[in-house]
Each structure stands twice: as C-alpha cells, then as structure tokens.
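> give me a model of this one.
(one chain, ligands or ions: 1)
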Amino acid sequence: MPQSTTIRTGRFAPTPSGPLHFGSLVAAVASYCHSKSTDGQWLVRIEDLDTPRVIKGSADNILQTLETFGFEWDREVLYQSQRFEIYEEYLQQLISTGLVYACNCSRKSLLKSPQSSGPLGKIYPGICRSKHLNLNSLKLRLNQEAAGLIEFNDNHFGLFKLDLTKEAGDIILKRQDGIYAYHLAVIIDDAFQQVTDIVRGADLLASTTIHLHLNKLLGFSSAEYLHIPLINNEAGVKLSKQTGAKGLSVEIASKQLLDALSFLGQKTTAELYHCKPVDILKYATDHWDRAKIPHPI
Ligand code: GLU
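A predicted model of the protein is given here:
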C-alpha cells in the first residue's frame, strides 16, 4: 500500500443512511477548508458498508447536495460497498497475528453477565477469548488485552488518552451477518487514499484510539486528526439522522454554508449572503483558521 505523499489530503466520509443535515455540512466544510487552505486535495468516500442501513438513492442525493453547496472533490468517489474483498484481506492479516477470535455471545446473553461501559459503549468481558470457536460463521473480535493506553494529540481537543484494554475491550471487526466493522474499513480506506488530515465530528474522538491501534497492527502510518465540536439539538442531544435532524435545503445553500462557518468560528461578511456557494467556500478556504473553532464549555 503506498504511503509516501507530500500532498495534504482530507476527506469527507458520509454514511448514505439519509440526506445530509447541518451537522454533516459542518464536517464537510471543516474538512474541505482545512485541506484546501494548504492547497491540498479533498476526497469524498461513501461509507455504504453497513448495507442494511443504506437507503437507496441516498449516496447520489448526498453527492448532488455537495455539488449544489459548491464542493468539488479531487478524485473519483470511493464506495466502501465495492471494497469488501480488500477488507477481508486485511482481516486475514489480523487473523494471522493471533489477535482475532470468534464470539458467539448474543446481546441477550451478555445482559446476564456484568458489563461496564466506556466511551465507546459496553465493554465486552472477553468471554469467548479462550473458547477457540471456528472463525467462519460467527462475529469476530480483536483481542485488546495487550493494547493498553493509546494517546494522541488532536489538533482541536489536544491530548486524548484511552486505555483500550480497560475502557474499550475487544471490539468487533466483522459482524455475524458478514458486515465489516466501521473501525476496520475506515483505517484501510484512509491508508489506501493516503489521507493525511482527518477532520470529523467529536463523536469519533475516542474511536480514533482504536484506529491508531489498528493502524499499528497493520503497519499503516496515521494521519493527523482534528475533531470538531458536535452540534446539539434543542434537547441537548447530538444532531444526527437518528435524532431527527432535518435535511439541508438547497434553496438556502449560501445561508446554511454561512451558518456552518459561524458555528466553526470562522470569519464571514454580510456581502457573502449574496454570493454563490462556490464563492463562499473559496472565501472560507482563504480565511480558514482552525484556531478559531470554538471549544465546548
Ligand atoms: N461515516 C461516518 C459518519 O457518517 C464518518 C466516519 C469518519 O469520518 O471517519 O458519521
């Protein structure tokens, strides 16, 4: 896998489970301006990995919306649904390290055993680690007994640490229904696309420690990370498709772009309200200052 590049490369990686909403626009704007302000490339990757969650027509709709909002990407769009063989290759590489095991614990059976929770959800208590079950038809987990403390310097949130052994546990790499885990696919694709700058929502801050650990196991070099604060709805819950976030309105694209820039603490002017989206993005790129992104209180 090629790793050497001097061109800064960013990416936007939406899941096509519905239309883009304001939270996704903020992530797109931040990753776009961050890369383009260094004359870098900006890529779009459709994360249609979890096929049952994919909504038909949603990927095309997302791409059209991005176009209407003035975004241009520098390479062909990558679709995760076309890369299952590649994910399997790297999964086999992980299996050959002896760190992957099959697990037949159901969610229901796990409710009976004491399970603590960490920033990534419930921590699997390792019940199947020593059972040596057949790897062919069960879910597959990564043994993180020896993973320990992972730390990294986020370009917005600063030093972030997570003890994967104690606070994450053995994550799933492939589900029983054969779907590869986001954590596995995302690091393979970021390495393949030679992404140097990952800009995304802070809900993935803790997941980054898993990505760094997997990168190390597979010999990939890691990108720089910048996580942006999450947008909450009126009820204080993260804006997302699941919490009923409304789709973007192409009729008011310029206004929504300016709202996204204001959320990111970036400079805007009253004249920009009369400009086309593409010109607003150009202005935003020329004036991009990541130090202005607000810190949550
Ligand atoms: N596909 C993820 C989402 O739509 C983003 C993943 C990433 O940026 O690493 O939330």
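> so who does the residue in the stretch 151-297 of the chain positioned nearest to the ligand touch?
Closest residue of the stretch 151-297 of the chain to the ligand, C-beta to the nearest ligand atom: Arg200 (3.7 Å). Where C-beta positions appear, they are placed from N, C-alpha and C, glycine not excepted. Each residue near Arg200 by C-beta atoms under 8 Å, 6 or more residues apart in numbering is listed here: 13, 27, 31, 227-228.
> quick one: end-to-end distance for stretch 253-271.
Taking C-alpha to C-alpha, to the nearest Å, stretch 253-271 runs 15 Å from one end to the other.
> tell me the SS of Glu71?
Quick fix: residue 71 reads Phe, not Glu. coil (DSSP: H, G, I helix; E, B strand; the rest coil).
> still on that earlier bit, filter the contacts of Arg200 down to the ones in helices?
27, 31 (DSSP state H).
> among the contacts of Arg200, which are in reach of the ligand?
For the ligand, the contacts drawn from the contacts of Arg200 by C-beta under 6 Å from any ligand atom are Ala13.
> His21: which of the contacts of Arg200 is nearest?
Taking C-beta to C-beta as the measure, His21 sits nearest to Ala27 out of the contacts of Arg200, at 10.3 Å.
> circling back: format the contacts of Arg200 as JSON lines; extra columns: neighbour count and distance to Trp73.
Below are these laid out as JSON lines (neighbours: other C-beta atoms under 10 Å; distance: C-beta to C-beta, whole Å):
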{"residue": "Ala13", "neighbour count": "23", "distance to Trp73": "12"}
{"residue": "Ala27", "neighbour count": "23", "distance to Trp73": "14"}
{"residue": "Ser31", "neighbour count": "25", "distance to Trp73": "11"}
{"residue": "His227", "neighbour count": "24", "distance to Trp73": "21"}
{"residue": "Ile228", "neighbour count": "25", "distance to Trp73": "19"}
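> coming back round to it: what helix or strand is the residue of the stretch 151-297 of the chain closest to the ligand on?
strand 197-201 (DSSP states H and E).
> briefly note if the helix or strand just after that strand comes near the ligand.
For strand 197-201, the succeeding helix or strand toward the C-terminus, using DSSP H and E, is helix 207-218. No: if you take C-beta under 6 Å from any ligand atom as the test, helix 207-218 misses the ligand, and the best it gets is 7.8 Å.
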